[in-house]
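A.B. asks: 3D, please:
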Amino acid sequence: MKWTISRKFFIGFSLIFLAAALFAYSVIEKMLEEHVHERITTEMQTLQNTSRQYLLQFAELQGADLGMFNEYSRPIANELSRINSMAVSIYNADGTFLYEAMPLQESLLIDHQEFHVDLSETEHAELLQAFDDKAAYTLTPVNDGTILYFAYPFYVNGDFYGVVRFTSDYTAIYAQNKALLERLTLITGIIFSAILAFLMIFTNQLIKPLHTLTAAAKRIAQRDFQTIPTVRTSDELNELSIQFQHMQQNITHYIQELEIEKQRVLTAEEKRTVFFQHVTHELKTPLTTISGYAQIIGAESFDDQAFLQKAAGRIHLESQRLNEMVSRLLSLSTAETGPRSTEEIDLYSFTQHILEDLELKAGKYGMTFKLSGEPTILSANRDEMKQIMMNVLDNAIKHGTPGHAIDIHVSHEITVSNHAPRLTAEIKSQLFEPFVLRSSKDSHGLGLFITKQLVESNRGTITMEQQDQTVQVKMTFPAGNKLETSA
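C.D. replies: Below you'll find the predicted structure:
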C-alpha cells in the first residue's frame, strides 16, 4: 500500500483527534462524576440535618429515652420515608434491625428491596461505618438504575440511640450524565466527520497541484517540455508552480544551448576534417611537383641543361609556396591558442610602417595607399596585429582592380576599402572559410581565414561588405582590449 500524503494526513489526523476526543471524554466524565459526588454529599448532609432535627423534635415531644428506636421505629421510619420519598431503615444501638418503610411510588426500590439483617450479618459499608460513628453512603449499580444507601448514627445529649439508614433512587442523575456523555460523543463524531470532510477537500485541493507538478516532472524526464499550467492559488503552491515553470524554461533554454553547441561542435569538426583534407591536398601538390622534377634530374642518363634550369626554378617556386603555406598554418595554430602578450600600439603609425613595406608590391599593380584617421592607442599583440594588417592589405592588392587606390582609415575601428570585381553570392557567404578564393596562382585561400582567427583570438570582429564594386573590410575590437583614442 502506497503511503500517500492524503492517507498519511488522514491517519495522522484521525489518531490525533481520537486521542484528543478520548482525553476530553475522560476529563468530562471525571468532572461529571465529581459533580455528582459533590451533589450527593451536599444532599446527604442536608438529609442528615433535616432528619436529625425531626428525630430530636420527636424525642422531645415523646419524652423518649434510649429505647426510643425500639418503641417508635415504625412511625419514625414511615414519616421520614413519606417526607423524603426514600426507603428508611431503623437500627437500635445494639445493631439490631427494627423496621423499614418503603415508598410505594419508588418501583426501583421495591424491586431491589433487600432482606435486612442485624449488623453482625451485613456487609454494607455505609451501615458498618455508621455504627463506627461516621456518616457514610454507597452507590450500588443495578440492572435498571443506581441505588444510593446512606446511614448515620443518631445521638441525643451524647447518648447513642441507633442508626438511621436511607435508600434512594439516583438513576435519573446518572442517566442524565450518561445522556450528556452520549450527546458529547455524538457531537464529537459530527465534528470529526465535518472536519474530516473539510480536510479531505482541502487535501485534494492541496494534492491536485502536486499531481500536476509530478506529471510535469515526468514529462520533463521524458524530454517533453510542454508548458506547465500555473497553479491558481494564493499560497506557497502558486510560488512553487512559478518556480517550477522557471526551472522548466531554464532547462529548455539549456537544452537548446546544448543542441546549438552540439551543432557548432559537429560543424566545427566537419570543417576541421574538410580543412585538413584541403591542407593535405595543398601540401601534396608542391611536394609531388618537387618529387617529380627531382626524379627526372636525378636519373643517370639525364643531360639536359635547359630542362635542369627549368626544373630548378620550379623546385624553388614550389618550395617557396610550400614554405608560405606552412608559415600560414603555424600562424593559424597560434591564433587558435588565444592572444599572446600585449603591448600598447599607436595604430596609426603602426599602419604607416606596414604600408611602407607593401608599397612596392602595390606599385606592381598600379595601386596606391591612402591613409586617414587619427593616432589611436590599442593594447594588442604586435605580431598578430602586423599579420592581420598584412593579410588584409595583401588581399586588397591581390584581388583589387589594378590602377585604383586602397583607402585605410584608422580610429576606434579599422576599415580597408578598395575597388574590386563583384563577388558572387557563394563567395560572399564563404569569404572567411579556408581554400575558397583562388583567383591567383600564389594564393592559398587561407589569408582571410587566418585573419579572422587572429582577430577573434583578440576578442575582435571582422566583416566584409561590397557595394557596387567597392569592397570594405571593417575590424572592431572590444573595450576590454583598451582601444583608446589619444589626446
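
A.B. asks: most centrally placed residue in this protein?
C.D. replies: A centroid search over the chain (CA atoms, centre = their mean) returns residue 240, at 6.7 Å, as the residue closest to the centre.

A.B. asks: could you double-check that it lies in contact with residue 213?
C.D. replies: Yes. Using CB atoms under 8 Å, residue 240 is in contact with residue 213, at 7.0 Å. Just so you know, the C-beta spots here come from the backbone N, C-alpha and C atoms, and that holds for glycine as well.

A.B. asks: quick one: the residue of the chain positioned farthest from its centre and residue 111, what's the gap?
C.D. replies: Outermost residue of the chain with respect to the C-alpha centroid, by CA atoms, centre = their mean, is residue 63; its distance is 96.2 Å. Residue 63 is 39 Å from residue 111, where distance means CB to CB, to the nearest Å.

A.B. asks: for the chain, which segments count as helices?
C.D. replies: Assigned by DSSP state H, the chain shows helices spanning 5-62, 68-84, 107-111, 125-131, 171-221, 236-297, 305-336, 347-364, 382-399, 425-429, 447-457.

A.B. asks: export the last one as CSV, just CAs?
C.D. replies: This points to helix 447-457. Only the C-alpha atoms of helix 447-457 are listed here, as CSV (Å, rounded to 0.1, in the frame of the first residue of the first chain):
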residue,chain,number,x,y,z
GLY,A,447,44.6,34.7,-45.8
LEU,A,448,41.2,35.9,-44.6
PHE,A,449,40.5,32.7,-42.7
ILE,A,450,43.7,33.1,-40.6
THR,A,451,43.0,36.8,-40.3
LYS,A,452,39.5,36.1,-38.8
GLN,A,453,41.1,33.6,-36.4
LEU,A,454,43.7,36.1,-35.2
VAL,A,455,41.1,38.9,-34.8
GLU,A,456,38.8,36.6,-32.8
SER,A,457,41.6,35.4,-30.6
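
A.B. asks: quick one: buried residues of that helix?
C.D. replies: Residues 447, 448, 449, 450, 451, 452, 453, 454, 455, 456, 457 are the ones in helix 447-457 that count as buried (16 or more other CB atoms under 10 Å).

A.B. asks: cool, the third one as well?
C.D. replies: Along helix 107-111, these residues count as buried under the neighbour rule (16+ other CB under 10 Å): 108, 109.

A.B. asks: which strands or helices does it pack on?
C.D. replies: strand 145-156, strand 159-169 (3 or more CB pairs under 8 Å, 6 or more residues apart in numbering; DSSP states H and E).

A.B. asks: can you check the fourth one too?
C.D. replies: The helices and strands touching helix 125-131, judged by 3+ CB pairs under 8 Å, 6+ apart, are strand 136-142, strand 145-156, strand 159-169.

A.B. asks: change it to 6 Å
C.D. replies: In terms of contacts (3 or more CB pairs under 6 Å, 6 or more residues apart in numbering; DSSP states H and E), helix 125-131 is packed against strand 136-142, strand 145-156.

A.B. asks: list of residues touching it?
C.D. replies: With contact meaning CB atoms under 6 Å, 6 or more residues apart in numbering, helix 125-131 is reached by 119, 136, 137, 138, 149, 151, 152, 153, 163.

A.B. asks: lowest-confidence one in those?
C.D. replies: By pLDDT, residue 119 ranks lowest within these, coming in at 67.

A.B. asks: got the phi/psi numbers for residue 143?
C.D. replies: phi -60, psi -40 (degrees, to the nearest 10).

A.B. asks: okay, now the domains of the protein?
C.D. replies: Domain assignment for the chain, taken from automatic domain parsing, gives 5-180, 225-337, 340-485.

A.B. asks: need the least confident one among the ones you listed, by mean pLDDT.
C.D. replies: domain 225-337 - the lowest mean pLDDT of the domains of the chain, at a mean of 72.

A.B. asks: could you pull out the buried residues of stretch 75-95?
C.D. replies: So stretch 75-95, judged by 16+ other CB under 10 Å, has buried residues 76-81, 84, 86-93, 95.
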